[in-house]
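Peer 1: with the sequence up front, the predicted model follows.
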Amino acid sequence: MKEIFLLKLGEIVLKGANKRQFEDKLRQNVRRRMKAYGNFDVYLMQSTVYVEPMDELCDMDGAWDACHAIFGLVSLCRCRACEKDIESIYKTVEEYLGEDLDMAPSFKVESKRSDKRFPMTSIEISQEIGGRLAESHPTCKVEMRKPAYTVYVEVRDLAAYVHGPAEPGAGGLPTGVGGRAMCLLSGGIDSPVAAYMIAKRGVEVECVHFFSYPYTSELAKAKVLELARLVTRYCGRMTVNIVGFTQIQEAIRDNCPEEFFTLIMRRFMMEIAQRVGVQDGCGALITGENLGQVASQTMQAMQVTGAVVDIPVFMPLIGMDKEEIVTIARKIGTMDTSVLPYEDCCTVFTPKHPKTKPTVAQLINAEKKLDREALIQQTLESVERITVKYDDEPFL
Ligand code: ATP
Ligand code: MG
């Protein structure tokens, strides 16, 4: 019989009252992701999502790879389904996993029988299959405690399934169960990781990027769109709002004390991100800030930048070391793009001696020559909205 994927749900969440909503969302998400790889039947039973190919044309390897990026799943098993009798189970193990067994020095069989009508217990199934395999694979010894390879047999409602070791899923909660948030996405290492981390908690993510043409190039913009595209492997399609920031930056340069440039600019970013986000139903902002990393990332700086918004600001990287952030950036595949050397608008008018312990009163004073509201309104008039999907052509 054919290959099928069994995708296992995180258990803790299933105990809550939201079980049904969680499961429906997850099934929808898996169904949507599988579409690109052919005609799959996706159904959910016994805390497991079944992904079954409906014809020979399905791209099983592509679909399997995509399953690793779906939030809400803790482990993934690529199996062969078979009839629920011990002969078929044995035959299927031989056909499907025989080669793996020949390469491993030791093995054991672990069985699970959720269909209690099956005449053998789990232990009996393991003993029977294990005994036969030991004879047909003499170089692979039975080893109960630390086997090099484990054969799994699951006797479930519709069929029996055999598979080798499971692979870890993406974890987290299904995209869409946790509301929506707006990520301030720069071209750096941190903000794509921040977007990924909040998306992992079931939040739909939308992005905003501030762009200062001609101080920053078209390539800098393409880089940000490419970063967004890479994150959509995990969070599904997303909208990226490109906000022209030149006028605001020039107004700051011409009218404000230099030591406050970055902070004033960041206050505009936060306020504009909130306005665009709230219109789209976002209940929070996300930034890649990290305590102590740069002058604008002290707690006093965060107070003055947070003071212009009234929705929560999520900073999932706040307490991490750079190395830990880089590890995640590598894992999700954004690192190589993030380190491309295109300038960010933040670096355009960087003060020589930025204020590290500002107060809100100082900021209000430093901004007094600006007509904040007019500047924000003008900027909002020309926001460009771009929808980004993982199967788009790369932007770079
Ligand atoms: P990153 O690696 O994400 O660029 P960073 O360490 O360079 O972060 P900053 O430049 O101080 O830090 O920016 C802090 C946060 O502000 C970023 O993580 C991002 O969320 C937001 N941000 C910075 N520049 C932009 C921009 N041009 N557009 C949108 N958001 C930005
Ligand atoms: Mg940056």
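Peer 2: Everything's here; your move. Ligands and ions are numbered 1, 2, ... in the order given.
Peer 1: which strand or helix spans Lys108?
Peer 2: Using DSSP states H and E, the element containing Lys108 is strand 106-113.
Peer 1: likewise Asp24?
Peer 2: Asp24 belongs to helix 19-34, assigned by DSSP H and E.
Peer 1: so which elements touch that helix?
Peer 2: Helix 19-34 is packed against strand 3-9, helix 11-14, strand 40-45, strand 48-53, helix 60-67, with contacts defined by 3 or more Cβ pairs under 8 Å, 6 or more residues apart in numbering; DSSP states H and E. Every residue, glycine included, has its C-beta placed from N, CA and C.
Peer 1: quick one on the thing from earlier: hmm, who's touching the strand holding Lys108?
Peer 2: When contacts are defined by Cβ atoms under 8 Å, 6 or more residues apart in numbering, strand 106-113 is touched by residues 101, 120-123, 125-126, 129-130, 133, 137, 140-144, 146-155.
Peer 1: let's see that with 6 Å instead.
Peer 2: 101, 122, 125-126, 129-130, 140-141, 143-144, 147-155 (Cβ atoms under 6 Å, 6 or more residues apart in numbering).
Peer 1: surely Ser338 meets Ile189?
Peer 2: Yes: Ser338 lies in contact with Ile189 (Cβ atoms under 6 Å); the separation is 4.4 Å.
Peer 1: show me what from this structure comes close to ligand 1.
Peer 2: By Cβ under 6 Å from any ligand atom, the part of the chain that sits against ligand 1 consists of 184-186, 188-191, 208-210, 269, 287-289, 293-294, 296-297, 344-346.
Peer 1: and the buried ones among these, selectable in ChimeraX?
Peer 2: The ChimeraX selection below is limited to those of the residues of the chain next to ligand 1 classed as buried (16 or more other Cβ atoms under 10 Å):
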select :184,185,186,188,189,190,191,208,209,210,269,287,288,289,293,296,297,344,345,346
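Peer 1: for the closest residue in space to His163 that isn't next to it in sequence, give me its contacts.
Peer 2: In this structure, His163 finds its nearest non-sequential neighbour in Cys79, 4.0 Å apart by Cβ to Cβ, 6 or more residues apart in numbering. By Cβ under 6 Å, 6+ apart, the contact set of Cys79 is Ile4, Leu6, Tyr161, His163.
Peer 1: how about Cys79, secondary structure?
Peer 2: On the three-state scheme (DSSP: H, G, I helix; E, B strand; the rest coil), Cys79 is labelled strand.
Peer 1: who does it form a beta bridge with?
Peer 2: Beta-bridge pairing for Cys79 (DSSP bridges): Ile4.
Peer 1: in stretch 23-34, what counts as buried?
Peer 2: Glu23, Lys25, Leu26, Arg27, Asn29, Val30, Arg33, Met34.
Peer 1: can you name the residue of the chain nearest ligand 1?
Peer 2: Nearest residue of the chain to ligand 1 (Cβ to the nearest ligand atom) works out as Gly188 at 2.1 Å.
Peer 1: residues contacting that residue?
Peer 2: Applying Cβ under 6 Å, 6+ apart, we find Gly188 in contact with Ser338.
Peer 1: got phi/psi on it?
Peer 2: Note on Gly188: backbone dihedrals following degrees, to the nearest 10 are phi -80, psi -170.
Peer 1: and the gap between it and Thr287?
Peer 2: 11 Å (Cβ to Cβ, to the nearest Å).
Peer 1: avg pLDDT for stretch 389-396?
Peer 2: For stretch 389-396, the mean pLDDT works out to 92.
Peer 1: just send the contacts of Cys79 back as CSV, with neighbour count, pLDDT and distance to ligand 2 too.
Peer 2: Output for the contacts of Cys79, formatted as CSV (neighbours: other Cβ atoms under 10 Å; pLDDT from 0 to 100; distance: Cβ to the ion, whole Å):
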residue, neighbour count, pLDDT, distance to ligand 2
Ile4, 21, 97, 44
Leu6, 22, 97, 41
Tyr161, 26, 97, 47
His163, 23, 98, 43
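Peer 1: alright, I will stop here.
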